[in-house]
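> pasting the sequence and the predicted model now:
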Amino acid sequence: SGLTYIDLSNFDTSSVTNMGMMFAVCESLISIDVSMFNTSNVLYMRSMFNRCKTLISIDISRFDTSKVTSMALLFYNCKNLTTINFGNINTSCVEDMQKMFYLCGNIKSMDISKFDTSKVTNISFMFYYCTNLESVNFGNINTSSLMDIKYLFLHCHNLKSLDLSNFDTSSVTDMRNTFFHCYKLKSIIFSNKFNTSNVVTTFSMFSHCKELISLDLSNFDVSKVTSMDYMFNNCYSLKFLNLSNFAPSNITSMYKTFRNCIGLIYLNLKSFETNNKTNISETLILVPNNVKFCIENEATQNYLLKNGKFSNCSDICFSDNIKIDILNNICIESCISMGYNYEYNNICYDACPENTFTSIDNPNICYDKTPEGYYFDANGSNFKKCFSSCKYCYGPGIESNHNCIECSLGKIFLNDSNQHTDRKSTRLNSSHGY
């Protein structure tokens with residue numbers, strides 16, 4: 001463990017199949033040059049750099065990892081690591097990435113958009129205690145084989161936003177503590193791909209996400225979930241929570257699900273139902289008194305009043321366009337009509353929140369991700385429309401060059417490719433009807 005430097009220049013690794021724990025517990029290793037390693041036959045890299053606590057940067061961009069099946073614990077507890085150069089690393093055969101960056105507390109940003117994760121089944125604990133991590137770029141990540149994401153971002157204290165719109169979680173069974181203690185997390189982008197139909201536990205999933213203001217989980221299927229204990233525990237800033245399609249018919253425990261959600265104004269549980277093992281009344285005791293609580297109970301829509309009794313629910317409670325006036329703690333139908341200039345994630349604002357922008361066509365809506373059919377104009381600090389045939393683009397389109405990155409539905413690139421490869425391949429010609 002006292003080793004500070006290794007000369008690997010004469011290592012012939014062309015026949016090596018297992019590099020697991022190769023540098024494990026080299027706690028004093030300051031730098032390492034593995035650029036000359038031939039890894040073309042390597043199958044296992046599990047814990048390869050485990051507990052290299054003094055390493056600051058590493059370059060594995062020349063690794064041939066086309067046969068590697070396990071990268072679990074690869075950089076486990078490399079607590080001083082700030083930079084990893086992956087290059088175009090091939091992860092097409094990797095099945096296990098659990099705890100890959102576990103306790104890498106000094107890394108501030110991570111770009112794994114080029115990872116091929118189509119065979120990966122486990123990414124649990126992947127960013128566990130990456131306390132300084134501020135952003136992760138997943139790009140168009142393929143997670144169709146994924147089964148376990150528990151503790152994925154646990155104690156990522158400095159994460160501010162997450163785009164999980166390409167996460168396919170249709171085979172995932174365990175989501176406990178996924179975002180636990182993400183103190184500064186303000187927004188999470190989900191899509192219909194974030195399928196929870198096989199999930200059995202969401203224990204503490206969003207617990208201690210203290211700066212989350214709005215969550216729309218209306219697409220979540222929780223029919224197999226048995227435990228929702230502490231799911232939204234200590235989400236102090238949460239104002240808007242849409243669980244309108246929650247129907248947890250197999251639930252057995254909802255202990256302190258909404259504990260300390262003291263800022264809640266709106267909670268929609270329109271489709272909520274439980275089996276006779278769960279006392280919904282005991283769960284609702286912890287819901288703040290100011291919440292307009294919507295629930296469908298024996299075909300009667302109700303909300304919880306301050307006195308704890310149920311009364312008829314107003315129609316606005318189930319409106320698809322409901323907005324939250326956080327100054328007056330009320331549900332409203334329009335931010336503009338109440339004197340606000342903008343809305344973001346169903347919350348009314350006088351100015352767009354940090355790192356969100358408006359579009360030319362929707363100047364009162366704040367976006368944290370480029371809307372479909374738009375591109376970001378840095379000069380105007382807003383989103384502008386792409387050429388009509390582009391789903392996404394990187395600039396304004398003209399007849400000779402539409403600047404397309406991805407075509408809209410039913411359109412194809414003129415180079416006979418239905419996916420972009422580089423900017424030259426995205427030139428479209430409107431005279432051909434594309």
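Cool, got the structure. These numbers were taken from a predicted model, which means no experiment stands behind them.

> low-confidence ranges in the stretch 301-434 of the chain?
Of all residues in the stretch 301-434 of the chain, those with pLDDT under 70 make up the ranges 301-320, 329-330, 400, 415-434.

> could you pull out the strands for it?
310-312, 323-325, 330-332, 342-344, 347-349, 374-377, 382-385, 390-393, 404-407 (DSSP state E, counting those that start in this stretch).

> over to the stretch 51-200 of the chain?
Going by DSSP E, counting those that start in this stretch, the stretch 51-200 of the chain shows strands at 57-59, 83-85, 109-111, 135-137, 161-163, 187-189.

> any chance of these in CSV, plus mean neighbour count?
(Glycine included, C-beta is placed from N, CA and C.) Shown next, in CSV, are the strands of the stretch 51-200 of the chain (neighbours: other CB atoms under 10 Å):
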stretch, mean neighbour count
strand 57-59, 16
strand 83-85, 16
strand 109-111, 15
strand 135-137, 16
strand 161-163, 19
strand 187-189, 20
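
> now tabulate those strands in CSV and tack on distance to residue 4.
What follows is these, written out as CSV (distance: least, CB to CB, whole Å):
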stretch, distance to residue 4
strand 57-59, 15
strand 83-85, 19
strand 109-111, 27
strand 135-137, 31
strand 161-163, 37
strand 187-189, 41
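
> residue 5 touches residue 26, doesn't it?
No: using CB atoms under 8 Å, residue 5 is not in contact with residue 26; the gap is 10.2 Å.

> which of these two has more neighbours?
When neighbours are counted by other CB atoms under 10 Å, residue 5 and residue 26 differ, and residue 26 comes out ahead with 21 against 10.

> and the more buried one, backbone torsions?
Phi and psi for residue 26, reported as degrees, to the nearest 10, are phi -80, psi 70.

> dump the strands of the stretch 51-200 of the chain into TSV; add mean pLDDT and distance to residue 19 as well.
Converted to TSV, those look like this (pLDDT from 0 to 100; distance: least, CB to CB, whole Å):
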stretch	mean pLDDT	distance to residue 19
strand 57-59	95	14
strand 83-85	96	16
strand 109-111	95	22
strand 135-137	95	25
strand 161-163	93	31
strand 187-189	92	35
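
> looking at residue 134 now. What's its pLDDT?
pLDDT for residue 134: 96.

> for it, what are its contacts?
Residue 134 is in contact with 108-109, 158-160, counting by CB atoms under 8 Å, 6 or more residues apart in numbering.

> show the buried residues in these.
159-160 (16 or more other CB atoms under 10 Å).

> against residue 211, how distant is the residue most central in space within the chain?
Of all residues in the chain, the one closest to the mean position by CA atoms, centre = their mean is residue 164, 3.4 Å from it. As for residue 164, its distance to residue 211 is 17 Å (criterion: CB to CB, to the nearest Å).

> contact partners for residue 332?
The contact partners of residue 332, by CB under 8 Å, 6+ apart, come to 316, 322-325, 338, 348.

> how does it look with 6 Å?
By CB atoms under 6 Å, 6 or more residues apart in numbering, the residues touching residue 332 are 323, 325, 338.

> bridge partners for it, pull those for me.
Using DSSP bridges, the bridge partners assigned to residue 332 are residue 323.

> surely residue 148 and residue 123 touch.
No: proximity of residue 148 to residue 123 does not meet the contact threshold set by CB atoms under 6 Å, at 7.2 Å.

> can you tell me how far residue 380 is from residue 374?
12 Å.

> when these two are compared, which one has more neighbours?
residue 374 (20 against 11).

> look up the residues forming beta bridges with that one.
Residue 374 has the following beta-bridge partners by DSSP bridges: residue 385.

> so it sits against residue 383, correct?
Yes: Residue 374 lies in contact with residue 383 (CB under 6 Å); the separation is 4.1 Å.

> between those two, what contacts are shared?
Residues touching both residue 374 and residue 383 (CB under 6 Å, 6+ apart): residue 359.

> for residue 227, what are its contacts?
201, 203, 253.

> of those - the most surrounded one?
Most surrounded of the contacts of residue 227: other CB under 10 Å gives residue 203, at 24 neighbours.

> what residues are up against it?
176, 227, 229.

> what about those, which are in helices?
If you go by DSSP state H, the contacts of residue 203 have nothing in helices.

> reformat the residues you listed as TSV; add distance to residue 259 and pLDDT.
Listed next are the contacts of residue 203 as TSV, based on distance: CB to CB, whole Å; pLDDT from 0 to 100:
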residue	distance to residue 259	pLDDT
176	16	97
227	14	93
229	10	93
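
> for those residues, which one is nearest residue 245?
residue 227 (18.7 Å; CB to CB).

> count of neighbours near the closest residue to residue 116 other than its chain neighbours?
Excluding its sequence neighbours, the residue lying closest to residue 116 (CB to CB, 6 or more residues apart in numbering) is residue 92, at 4.3 Å. The tally of other residues near residue 92 (other CB under 10 Å) stands at 13.

> residue 14 reaches residue 38, doesn't it?
Yes: counting by CB under 6 Å, a contact exists between residue 14 and residue 38, whose distance comes to 4.2 Å.

> show me where this protein has helices.
Going by DSSP H, the chain shows helices at 280-284.

> residues near residue 409, how many?
The burial count for residue 409: 5, using other CB under 10 Å.

> right, I mislabeled it, should have said residue 144
15.

> what residues are up against it?
So residue 144 contacts residue 168 (CB under 6 Å, 6+ apart).

> tell me the spacing between it and residue 395.
Taking CB to CB, one finds residue 144 at 32 Å from residue 395.

> with residue 138 instead?
From residue 138 over to residue 395 (counting by CB to CB), the distance is 24 Å.

> over to residue 183?
For residue 183, the distance to residue 395 - CB to CB - is 37 Å.

> got it, and residue 198?
Taking CB to CB, one finds residue 198 at 41 Å from residue 395.

> one more: residue 6?
According to CB to CB, residue 6 stands 48 Å off from residue 395.

> ok, residue 178 next?
For residue 178, the distance to residue 395 - CB to CB - is 36 Å.

> residue 233 now?
As for residue 233, its distance to residue 395 is 45 Å (criterion: CB to CB).

> which one's more surrounded, the two?
residue 233 (22 against 17).

> what about the closest residue in space to that one that isn't next to it in sequence, how many neighbours?
Nearest-residue entry for residue 233: residue 207, 4.1 Å, with adjacent residues in sequence omitted and distances by CB to CB, 6+ apart. Here the number of neighbours of residue 207 (other CB under 10 Å) works out to 26.
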